[in-house]
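J.: build me a model from this:
(2 chains)
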Protein chains: 2
Amino acid sequence: MRVGFVGLGTMGGAMAANAARAGFDVSAWNRTPGRAADLEELGVAVRDSAAAVAAGSDIVITIVSDTPDVEAVLFGPGGVAEGAAAGTLVVDMSTISPSATRAFAERLGEGGVSMLDGPVSGGSEGAKKGTLSIFVGGDAADLERARPVLESLGTTITHVGPIGAGQAVKAVNQVILAGTYIGVAEGIVLALKAGLDVEQVVSALSGGAAQSWVLTNRTGRMVDNDYPLGFKVSLHRKDLGIALSMARELGAALPVSALVEAVEAGLIGQGHGDDDMSAVARSIRALSGLEA
Amino acid sequence: MRVGFVGLGTMGGAMAANAARAGFDVSAWNRTPGRAADLEELGVAVRDSAAAVAAGSDIVITIVSDTPDVEAVLFGPGGVAEGAAAGTLVVDMSTISPSATRAFAERLGEGGVSMLDGPVSGGSEGAKKGTLSIFVGGDAADLERARPVLESLGTTITHVGPIGAGQAVKAVNQVILAGTYIGVAEGIVLALKAGLDVEQVVSALSGGAAQSWVLTNRTGRMVDNDYPLGFKVSLHRKDLGIALSMARELGAALPVSALVEAVEAGLIGQGHGDDDMSAVARSIRALSGLEA
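T.: Numbering: from 1, shown residues only, chains lettered A, B, ... in the order given. Predicted coordinates for the structure are as follows:
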């Protein structure tokens, strides 16, 4: 099967490599050239436009930064819609707006091109190891066409509903992360202020109702006040912005998510956008008179 | 060993029963009489004051509602301090203020009575099954004296520091719960508004960074909008009030915990104080136009 990748950032580059290693006939394009040297060694054919990738692919995977970027690579000059033959399947694995996703699918459908949304969780580590979780929205038959490729990229592939539903699930994920991270950050800062042995506290609490992936995996960074990646503050803020827009469209009010979005905007303004998102602890530390 | 229990509520009653079943010589007193019929069948001697319990005990466990209740059963008329001989060990397993705990320990020490704080997590179910987690503050030698009894009550006993440290760890636990519960509630309400299959969403997200005990165990209640116990909103609000007082004393600012405390106060005012604390989802539902 001929698989095209549009977007060769940290996520897309690692995913294209895994698809090539799995034996798919992979071509690729990236807005910024020069990202693809390692991929060419794996046999990936680097094209000079998204349209050229689409013209030579049965399935085109787009994985770029945000809603306007997806719109540009799909419908802009030299975009996927220009090159894709009828019957091509686009799988957008970026994290973008669910309502924009539905609109993009409709526009592609006018040219006989079908679309799935398949945003992921698992971060750059999951992309490298091929252990991503993929939340798929769209027609079941399209998912079956894409499944062999998706299985080269992730370990958990869940069909969550019609087109846009994958993005909605991803938004739910980011909202839950917001509350969990800020709750753990408040707890760790309180523990630090109280002079407790935080490692022991985390161990004592991990057997109970406070247990979470964040508690187990991210409290060390909050204590050290050093936040290596992981998942960037700037990306989580972008995703939370999508979730909050979606919430507005649906009439949902999410006060803690809105607060965390503001906290993250503050961090980005202070130059911490490339920190892991556990850096929300910086803001609680700052409020509490600890080094931030 | 002679073990006294002061406070036979949902927690204390179940714990006294477990101590009696484990073979300890147990006596008990409760402010409200008539709670002790089942305990007498297990051989528990019911006394008519906390002082009488203390006079006949090597170790006195207090487990009542809040800081003023502990003060009353320790130092009020007919209280523990009146009856306890020098050398008696008091273990307060209530959830109360860390700074008040230190003051109580000092007052007891004047009469030669030593004190540990040992608040628990695990709820009424953990109390019944003897599977509580116990966070112990105080002298290590005192903990060794109390350990056989504590092992009849819980499965994880962690010595977390000097007197008051157990309460501080419990406060950290409640702060983390606040953020985790409200984050999950916001995510579930967003999923409901988006028409997603929430059970499937929870399953898809449980393998990633959003994973938590709350996500696994409490989202069904948020979907059904029905909140059987569990752990009461009114008790979590009380505990969060302790954590926020502690934070003020230490100069820590915990904005999400403060928000959740306000949300819970609203729920209590609306008659939902006896709901499980997953009922914070009621408030997010109400903000979002869902039945609350």
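J.: all contacts plus neighbour counts: C-alpha atoms, from now on.
T.: Will do.
J.: those strands in the stretch 101-250 of chain A, which residues are they?
T.: A:114-117, A:120-121, A:132-137, A:154-161 (DSSP state E, counting those that start in this stretch).
J.: okay, now the sheet partners of the last one, with direction.
T.: Going back to what we said before, that points to strand A:154-161. strand A:132-137 (parallel) (DSSP bridges).
J.: can you give the contact residues for the strand it pairs with?
T.: Applying CA atoms under 8 Å, 6 or more residues apart in numbering or on different chains, the contact partners of strand A:132-137 are A:116-123, A:126, A:143, A:150, A:153-167, A:169-170, B:204, B:207-208.
J.: check stretch A:254-268 too.
T.: Counting by CA under 8 Å, 6+ apart, A:175, A:178-179, A:182, A:233-234, A:237, A:240-241, A:244, A:247, A:273-274, A:280, A:283, B:182-183, B:186, B:256, B:284 sit against stretch A:254-268.
J.: same question, stretch A:284-292
T.: A:185-186, A:189, A:225, A:282-283, B:251-254.
J.: tell me which residues of it come out buried.
T.: Neighbour counts over stretch A:284-292 (16 or more other CA atoms under 10 Å in any protein chain shown) mark A:284-285, A:287-288, A:290, A:292 as buried.
J.: any idea which of those is closest to residue B:46?
T.: residue A:288 (47.3 Å; CA to CA).
J.: kindly report the residues of the stretch 51-200 of chain A close to chain B.
T.: A:121-122, A:133, A:135, A:156, A:158, A:160-161, A:165, A:168-169, A:172-191, A:193-194, A:196-197, A:200 (CA under 8 Å from any CA of the partner chain).
J.: buried only: go through the residues you listed for me.
T.: Judged by 16+ other CA under 10 Å, buried ones among those: A:121-122, A:133, A:135, A:156, A:158, A:160-161, A:165, A:168-169, A:172-191, A:193-194, A:196.
J.: helices - which of the buried residues of stretch A:284-292 land there?
T.: Within those, residues falling in helices by DSSP state H are A:284-285, A:287.
J.: helices along the stretch 101-250 of chain A, start to end?
T.: A:123-129, A:140-151, A:165-193, A:198-205, A:213-224, A:233-250 (DSSP state H, counting those that start in this stretch).
J.: please tabulate the ones you listed in JSON lines and include mean pLDDT as additional columns.
T.: Formatted as JSON lines, the helices of the stretch 101-250 of chain A follow (pLDDT from 0 to 100):
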{"stretch": "helix A:123-129", "mean pLDDT": "90"}
{"stretch": "helix A:140-151", "mean pLDDT": "98"}
{"stretch": "helix A:165-193", "mean pLDDT": "98"}
{"stretch": "helix A:198-205", "mean pLDDT": "96"}
{"stretch": "helix A:213-224", "mean pLDDT": "97"}
{"stretch": "helix A:233-250", "mean pLDDT": "97"}
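J.: highest average neighbour count across those helices?
T.: Highest mean neighbour count among the helices of the stretch 101-250 of chain A (mean count of other CA atoms under 10 Å in any protein chain shown): helix A:165-193, with a mean of 29.
J.: format the helices of the stretch 101-250 of chain A as a markdown table; extra columns: distance to residue B:85.
T.: A markdown table is the format used below for the helices of the stretch 101-250 of chain A (distance: least, CA to CA, whole Å):
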| stretch | distance to residue B:85 |
| --- | --- |
| helix A:123-129 | 61 |
| helix A:140-151 | 70 |
| helix A:165-193 | 35 |
| helix A:198-205 | 33 |
| helix A:213-224 | 43 |
| helix A:233-250 | 58 |
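J.: among the ones you listed, which comes closest to residue A:79?
T.: Nearest to residue A:79, of the helices of the stretch 101-250 of chain A and by CA to CA, is helix A:140-151 at 20.7 Å.
J.: on that earlier part again, let me know the closest of the buried residues of stretch A:284-292 to chain B.
T.: Chain B lies nearest to residue A:288 out of the buried residues of stretch A:284-292, by CA to the nearest CA, at 4.1 Å.
J.: next up, the contacts around residue A:218.
T.: Counted by CA under 8 Å, 6+ apart, residue A:218 has contacts residue A:278.
J.: ok, now residue A:182?
T.: A:260, A:280-281, B:179, B:256.
J.: neighbour-wise, which of these leads?
T.: Counting neighbours by other CA atoms under 10 Å in any protein chain shown, residue B:179 leads the contacts of residue A:182 with 30 neighbours.
J.: looks like it contacts residue A:176 (just checking).
T.: No. Counting by CA atoms under 8 Å, residue B:179 sits too far from residue A:176 to count as a contact (9.4 Å).
J.: my guess is residue A:234 contacts residue A:271. True?
T.: No. Judged on CA under 8 Å, residue A:234 makes no contact with residue A:271 at a distance of 10.1 Å.
J.: assign the residue lying closest to residue A:75 once chain neighbours are set aside to helix, strand or coil.
T.: Counting by CA to CA, 6 or more residues apart in numbering or on different chains, residue A:81 is the residue found nearest to residue A:75 once chain neighbours are left out, at 5.7 Å. Here residue A:81 is recorded as helix under DSSP: H, G, I helix; E, B strand; the rest coil.
J.: pLDDT at residue A:81, what is it?
T.: With respect to pLDDT, residue A:81 has a value of 98.
J.: check residue A:103 too.
T.: 98.
J.: gap between it and residue A:87?
T.: 18 Å (CA to CA, to the nearest Å).
J.: check contacts around the residue nearest to residue A:124 when sequence neighbours are not counted.
T.: Closest residue to residue A:124 apart from its sequence neighbours, by CA to CA, 6+ apart: residue A:11 at 5.8 Å. Counting by CA under 8 Å, 6+ apart, residue A:11 touches A:63, A:123-124, A:127-128.
J.: SS state for residue A:3?
T.: Once three-state DSSP is applied, residue A:3 turns out strand.
J.: tell me how many other residues surround it.
T.: Using other CA under 10 Å: residue A:3 sits among 25 other residues.
J.: in the sheet, who's paired with it?
T.: In beta-bridge terms (that is, DSSP bridges), residue A:3 pairs with residue A:26, residue A:59.
J.: my guess is it meets residue A:26, correct?
T.: Yes. With contact defined as CA under 8 Å, residue A:3 reaches residue A:26; the gap is 4.9 Å.
J.: which residues are common contacts for the two?
T.: By CA under 8 Å, 6+ apart, no residue touches both residue A:3 and residue A:26.
J.: in the stretch 1-150 of chain A, which residue sits nearest chain B?
T.: residue A:122 (6.5 Å).
J.: so what's that residue scoring on pLDDT?
T.: Residue A:122 is given a pLDDT of 88.
J.: any idea how far residue A:100 is from residue A:43?
T.: 34 Å.
J.: what number of residues lie near residue A:71?
T.: The burial count for residue A:71: 16, using other CA under 10 Å.
J.: give me the buried entries from the contacts of stretch A:284-292.
T.: By 16+ other CA under 10 Å, those give A:185-186, A:189, A:225, A:282-283, B:252-254 as buried.
J.: okay, these in CSV with distance to residue B:72 next?
T.: Converted to CSV, the buried ones among the contacts of stretch A:284-292 look like this (distance: CA to CA, whole Å):
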residue, distance to residue B:72
A:185, 35
A:186, 32
A:189, 32
A:225, 42
A:282, 41
A:283, 40
B:252, 29
B:253, 31
B:254, 30
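J.: okay, how far is it across stretch A:78-90, tip to tip?
T.: Span of stretch A:78-90 from end to end, CA to CA: 16 Å.
J.: which outside residues touch it?
T.: Here stretch A:78-90 has contacts from A:49-55, A:57-62, A:72-75, A:108, A:111-116, A:142, using CA under 8 Å, 6+ apart.
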